[in-house]
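Undergrad: Sequence plus the predicted model coming up.
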Amino acid sequence: MRMILIGPPGAGKGTQAKQLKENLNIPHISTGDMLRAAVAAESELGKQAKDFMERGALVPDELVIGAAIARIQQNDCKSGFMLDGFPRTLPQAEALDKALKAASLSLDVVLVIDVPDDLIVSRIIGRRQDPVTGEIYHLEFNPPPAEVVDRLVHRPDDTEEACRKRLSKYHAETAPVIPFYEENGLVKRVDGVGEPIKVTKRIRRATNTDN
Ligand code: AP5
Ligand code: MG
């Protein structure tokens, strides 16, 4: 299955991808995770992306497109992939389309996770991630076990100011990607509010992967 996850910051894309990939057996490719790894490694891409990310701005298309397309051309993506956070601009969607067509491949589903703006800031501010397991927690909604609390990290772009900027970028640049895919009948929308497990069930139903 070739699948795209779209949703505002804090919609639960990462949380849900971790659940879904267990069954689907396809890699979860988050361009946010790829860029954070590039920043940590101080690679050329990371050095160029760092400032945009910390401000909550989008990293320029010309930096992201090449890295994302190269990633889905790797061997582990032969039987499918779950893209999280890419494409998030129209030029990115067009570049992905072109790369898939060139390989005679197509997408199966574009899953949009809807969460109202007024729930986003609290989800983002309370998020903590375990750098060892990759597990995503929330101080209130999904509290971490005591034994891992000391090693949890808080993303530098998870401030209220950067979060509001990311949200406005989502509405201005990423939401217009949805009609691009609606034209091909690929879009399924799910309500992202409620317990994560309930959201997972909605996604499985919407994507016919609940067997
Ligand atoms: P990226 O890492 O993609 O961030 P994002 O899109 O802002 O999304 P998040 O990772 O913040 O949220 P999520 O939907 O994964 O939510 P999560 O599951 O963690 O991108 C970061 C930056 O990289 C961008 O701003 C940009 O600079 C750059 N970038 C990346 N891709 C790019 C691209 N293609 N082009 C240009 N630039 C790019 O959940 C959030 C919190 O909510 C957690 O604490 C979780 O526990 C909690 N939670 C989850 N589900 C629920 C629920 N159902 N109920 C209550 N709480 C919940
Ligand atoms: Mg994420």
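TA: It's in. Residues are numbered from 1 along each chain as shown. Ligands and ions are numbered 1, 2, ... in the order given.
Undergrad: what pLDDT does the residue nearest to residue 120 when sequence neighbours are not counted get?
TA: Nearest residue to residue 120 in three dimensions, chain neighbours excluded: residue 10, at 4.6 Å (CB to CB, 6 or more residues apart in numbering). In this view, the C-beta of every residue, glycine as well, is placed from N, C-alpha and C. The model reports residue 10 with a pLDDT of 96.
Undergrad: Pull the contacting residues for residue 10.
TA: 115, 119, 120, 121, 123, 124, 127, 163 (CB atoms under 8 Å, 6 or more residues apart in numbering).
Undergrad: and the second one, backbone torsions?
TA: Spelled out, it's residue 119. Backbone torsions of residue 119, given as degrees, to the nearest 10, read phi -100, psi -10.
Undergrad: Go through the contacts of residue 10 and name the one nearest ligand 2.
TA: Using CB to the ion, residue 127 comes nearest to ligand 2 of those, at 8.9 Å.
Undergrad: Can you name the residues of the protein sitting close to ligand 1?
TA: 7, 9-15, 30-32, 35, 52-53, 56-59, 64, 85-86, 88, 92, 123, 126-127, 136-138, 141-142, 157, 166, 192, 194, 196, 199 (CB under 6 Å from any ligand atom).
Undergrad: and if we set it to 5 Å?
TA: 9-15, 31-32, 35, 53, 58-59, 64, 85-86, 88, 123, 127, 136, 138, 141-142, 166, 196, 199 (CB under 5 Å from any ligand atom).
Undergrad: If we check ligand 2, which of those are in contact?
TA: When contact is defined as CB under 5 Å from the ion, these meet ligand 2 at 13, 14.
Undergrad: Where helices are concerned, which of the residues of the chain next to ligand 1 count?
TA: Counting by DSSP state H, the part of the residues of the chain next to ligand 1 found in helices is 13, 14, 15, 31, 32, 35, 53, 64, 123, 166, 196, 199.
Undergrad: what residues are up against the one residue in the chain that gets nearest to ligand 1?
TA: For the chain, the residue closest to ligand 1 is residue 32, as judged by CB to the nearest ligand atom, at 1.9 Å. Residues near residue 32 by CB under 8 Å, 6+ apart: 14, 84, 85.
Undergrad: I'd like the distance between the last one and residue 195.
TA: Looking back up the chat, that one is residue 85. Noted for residue 85: a distance of 23 Å to residue 195, by CB to CB, to the nearest Å.
Undergrad: Please state the offset of the helix or strand residue 120 falls within from the chain centre?
TA: Using DSSP states H and E, residue 120 maps to helix 117-125. Remark: helix 117-125 is offset 16 Å from the chain centroid, using CA atoms, centre = their mean, to the nearest Å.
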